[in-house]
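Participant: Next input, structure requested:
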Amino acid sequence: MASQKNIRNFCIIAHIDHGKSTLADRFIQRAHIVSDRNMQEQVLDSMDIERERGITIKSQAVTVPFTSKDGTVYELNLVDTPGHVDFSYEVSRAISSCEGAILLIDASQGVEAQTLANMYMALEHDLEIIPVINKVDLPSADIPMVKHQIDHDLGLDSEMAVQVSAKTGFGVDDVLEAIVAHVPEPTGSQDDPLKALIFDSHYDPYRGVIVHIRIFDGKLKPGQNIRVMASNSTYKVEETGIFRVGLESAPKGINAGDVGYFIAGIKNISDIRVGDTVTDEANPADAPLAGFKEVKPVVFSSIYPVNADDYQELFSAIEKLKLNDASLMYEKDASVALGFGFRCGFLGLLHLEVVQERIEREFGLSIVLTAPSVRYRITMSSGEVVFIDNPSEYPDSTTVQMAEEPFIKASIITPTDYLGNIINLCLEKRGIQTEMTYLDEKRVELVYEMPLADVLFDFYDRLKSVSRGYASFDYDIIDFRVTDLVKLDILLNSNVVDALSQLVYRESAVSRARKVCKKLRDEIPKHQFKIPIQGAIGNSIISRETITALRKDVTAKCYGGDISRKRKLLEKQKEGKKRMKMVGNVELPQSAFLSVLKAEHDD
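Facilitator: Model (predicted):
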């Protein structure tokens, strides 16, 4: 292991799609950690879903050896972070385990909303920030414009900015030299009691929980007895090591300043919490490290297994996902239509989609999700205040004095060409404009206060389409505001399907109900009887679609004769259909639940 003065801990932060993972690939390739034969794009992105979508979901750590121009060998601990607003919690965890950050800016796109948000997060943790201009090889690259934005928008020194092309490898050595020169060495002493921060973990079916740590004080080696401070559980360390794309064992242990992992035969997943402090059992630290601020989910949805027998497997899968996704919240839930499942909280719709895909791919389970909802604050007539995110828990409207919904402060940076389209979109989503600042001649920053429920579903996609991908978006939740909330029920064959119920703003209830009924009409297969699909608020039906019956041609055998014979056969069939409708069950396929989610996106 390198001496402490030759260690640098840094992360790469940027807006989504500015080239973080590609730059990390070049660092790894330059250090020959992965052979050219095994090299692939997004080498740190271990999940298939990350490669398919071209996004980073999980922060990933890797130790990169680097020899500087003066011949000194350094050990660079890099943490690659996500760029999407839904995964900003991952970024905060990565930042807390580093002393410096590379702030990556796309030479053609310039400074965007998430660039600013991540920079402020890094400044809160007193990180040394190195601005790096990426994609300088593009024909559309405008380096003077980006340098002006670094000075004007970020308040950083543009003279310090390093120009690179992560795709071609141009300027990568200059970035590494800048890290060595500007990022401070880690503080802390190897002689002090052990104090290590758990910033991530993952589950190995053979070895149990593998815990990712940053050591601030002391040292950790195999055979040592440790205590996890929050759960107060003790373990004996079996293996320590560092990250070299995979895990590389370090039998002599890891010391203050290092980023690495340990394995201690931890089988009980709930014992390890991200943000917890690990210390020595015999010589414990005085107080735990600060950890991370508690993350609050903003989108809620229930997950049910398609096959009721898979309930236990689903529980196990969610528990293992929770281990390396600390922002996922869950509790047990039940539905009349879908049986037993889990009510889960997510940081956004992309987070929900990723969790759904990971459960289906990594654990081989078929699941059904209910329509996503936000958390509302309800004041009852009695004065009691309750928080509700599940439509099935919504009380009788006569007992509700006031309903409030969460509002966000949305920051949008866009070229002036698309200003009109974006303002129209924000107004359509009940947005209230609070600021409009021209950053320069071509770019403007809009700040809107908007209801989170309206932003959740299709706002991000539509923002990208009306701005041809140039507008960027970041948001923070600010407060709760009074709203006119109603519970929209969906009835199939006059029976309420609780899993399809939604809480909606009264004025948009009719259009939402029509979309859902239309989608269900297309998804539900025909039965032997006519099926009415209705949207209702209380006892008032506000929309209706009908699935026609599968009809058997009962008059085929009549080859002639009086019309009354045909009419008699049709009347007999009609009676049978009526009886069948009373006792028949409507089978709801899994695709019907998913179609309701997609109904939000279609105009």
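Participant: ranges for the helices of the stretch 1-150 of the chain?
Facilitator: 20-30, 48-53, 88-95, 113-124, 143-149 (DSSP state H, counting those that start in this stretch).
Participant: just checking, what packs against the longest one?
Facilitator: It stands for helix 113-124. In this structure, helix 113-124 makes packing contacts with strand 7-14, helix 88-95, strand 100-106, strand 128-134, strand 400-415, strand 472-483, judged by 3 or more C-beta pairs under 8 Å, 6 or more residues apart in numbering; DSSP states H and E. All C-beta spots, glycine's among them, are computed from the backbone N, C-alpha and C.
Participant: Centre of the chain to the fifth one, how far?
Facilitator: Which is strand 400-415. Put simply, strand 400-415 sits 19 Å off its chain's centre (C-alpha atoms, centre = their mean, to the nearest Å).
Participant: Also stretch 486-504?
Facilitator: That offset, for stretch 486-504, works out to 27 Å (C-alpha atoms, centre = their mean).
Participant: List the buried residues of that stretch.
Facilitator: Of the residues in stretch 486-504, those buried by neighbour count under the rule 16 or more other C-beta atoms under 10 Å are 486-493, 496-504.
Participant: Take these and keep only those in helices.
Facilitator: Using DSSP state H, no member of these sits in helices.
Participant: Rounded mean pLDDT for stretch 438-456, please.
Facilitator: In this model, stretch 438-456 carries a mean pLDDT of 81.
Participant: Could you list the buried residues of that stretch?
Facilitator: Buried, per 16+ other C-beta under 10 Å, within stretch 438-456: 439, 443-446, 448-456.
Participant: can you put these in CSV and add secondary structure?
Facilitator: Shown next, in CSV, are the buried residues of stretch 438-456 (DSSP: H, G, I helix; E, B strand; the rest coil):
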residue, secondary structure
L439, coil
R443, strand
V444, strand
E445, strand
L446, strand
Y448, strand
E449, strand
M450, strand
P451, strand
L452, helix
A453, helix
D454, helix
V455, helix
L456, helix
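Participant: which residues does Y475 contact?
Facilitator: Applying C-beta atoms under 8 Å, 6 or more residues apart in numbering to Y475 gives the contacts V85, I408, K409, A410, S411, V455.
Participant: who's it bridged to?
Facilitator: Beta bridges link Y475 to A410 when assigned by DSSP bridges.
Participant: now do N495
Facilitator: L492.
Participant: Any regions of the stretch 501-603 of the chain where pLDDT drops low?
Facilitator: Applying pLDDT under 70 to the stretch 501-603 of the chain flags residues 551-556, 559-561, 576-603.
Participant: Show me the helices in it, by range?
Facilitator: Going by DSSP H, counting those that start in this stretch, the stretch 501-603 of the chain shows helices at 509-523, 563-583, 590-599.
Participant: For E571, see how far away the residue nearest to T168 when sequence neighbours are not counted is.
Facilitator: Spatial nearest neighbour of T168, chain neighbours left out: D137 (5.7 Å); criterion: C-beta to C-beta, 6 or more residues apart in numbering. In this view, D137 and E571 are 78 Å apart by C-beta to C-beta, to the nearest Å.
Participant: again, but for A24
Facilitator: 74 Å.
Participant: quick one: which of the two has more around it?
Facilitator: For A24 versus E571, neighbours defined as other C-beta atoms under 10 Å are more numerous around A24 (25 against 10).
Participant: That one against L76, yeah?
Facilitator: No - between A24 and L76 there is no contact under C-beta atoms under 8 Å: 11.1 Å.
Participant: Helix, strand or coil: sort out G383 for me.
Facilitator: Per three-state DSSP, G383 ends up coil.
Participant: I'd like to know how many residues surround P205.
Facilitator: Around P205 there are 6 residues (other C-beta under 10 Å).
Participant: worst-scoring helix or strand of the chain, pLDDT-wise?
Facilitator: Within the chain, no helix or strand scores below helix 48-53, which has a mean of 45 by mean pLDDT, DSSP states H and E.
Participant: So what's the model's average confidence on the helix or strand containing S301?
Facilitator: S301 belongs to strand 299-305 when elements are defined using DSSP states H and E. What strand 299-305 shows for mean pLDDT is 83.
Participant: quick revisit: any idea which of the helices of the stretch 1-150 of the chain scores lowest on pLDDT?
Facilitator: Taking the mean pLDDT of the helices of the stretch 1-150 of the chain, helix 48-53 comes last: a mean of 45.
Participant: which stretches of the stretch 351-500 of the chain aren't confidently modelled?
Facilitator: 457, 469.
Participant: ok so, going back, okay, the angle between the very next helix or strand once past the strand holding S301 and strand 299-305?
Facilitator: Counting by DSSP H and E, the next helix or strand C-terminal to strand 299-305 is helix 311-324. Helix 311-324 runs at 140 degrees relative to strand 299-305, counting by axes from the mean of the first three to the mean of the last three C-alpha atoms, to 10 degrees.
Participant: ok, and for helix 311-324, which residues are buried?
Facilitator: Buried, per 16+ other C-beta under 10 Å, within helix 311-324: Y311, L314, F315, A317, I318, K320, L321, K322, L323, N324.
Participant: What of stretch 260-275?
Facilitator: Under 16+ other C-beta under 10 Å, the buried positions of stretch 260-275 are G260, Y261, F262, I263, A264, I266, I269, I272, R273, V274, G275.
Participant: What is the lowest-pLDDT residue among the residues you listed?
Facilitator: I269 (62).
Participant: Contacts only, for the spatially closest residue to V278 that is not a sequence neighbour.
Facilitator: Of all residues not flanking V278 in the chain, A196 sits nearest, at 4.3 Å (C-beta to C-beta, 6+ apart). Shown in contact with A196 (C-beta under 8 Å, 6+ apart): I213, R214, I215, F216, G218, L220, T277, V278, T279.
Participant: Now the buried members of those residues.
Facilitator: Counted by 16+ other C-beta under 10 Å, those give I213, R214, I215, F216, G218, L220, T277, V278, T279 as buried.
Participant: Let's see which of those residues end up in strands.
Facilitator: Mapping the buried ones among the contacts of A196 onto strands (DSSP state E) picks out I213, R214, I215, F216, L220, T277, V278, T279.
Participant: My read is that the residue nearest to T168 contacts Q163, right?
Facilitator: No - between D137 and Q163 there is no contact under C-beta under 8 Å: 9.9 Å.
Participant: Check which helix or strand the residue nearest the centre of the chain maps to.
Facilitator: With distances taken as C-alpha atoms, centre = their mean, the residue of the chain nearest its centroid is H351 (2.5 Å). Element membership for H351, per DSSP H and E: helix 349-362.
Participant: May I have stretch 281-288 exported as CSV, CA atoms only?
Facilitator: These are the backbone C-alpha positions of stretch 281-288, laid out as CSV (Å, rounded to 0.1, in the frame of the first residue of the first chain):
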residue,chain,number,x,y,z
GLU,A,281,-13.9,-3.4,19.4
ALA,A,282,-10.9,-3.3,21.8
ASN,A,283,-10.0,0.3,21.2
PRO,A,284,-13.2,2.1,19.9
ALA,A,285,-13.5,5.6,18.6
ASP,A,286,-15.1,8.3,20.8
ALA,A,287,-17.9,9.2,18.4
PRO,A,288,-19.2,8.0,15.1
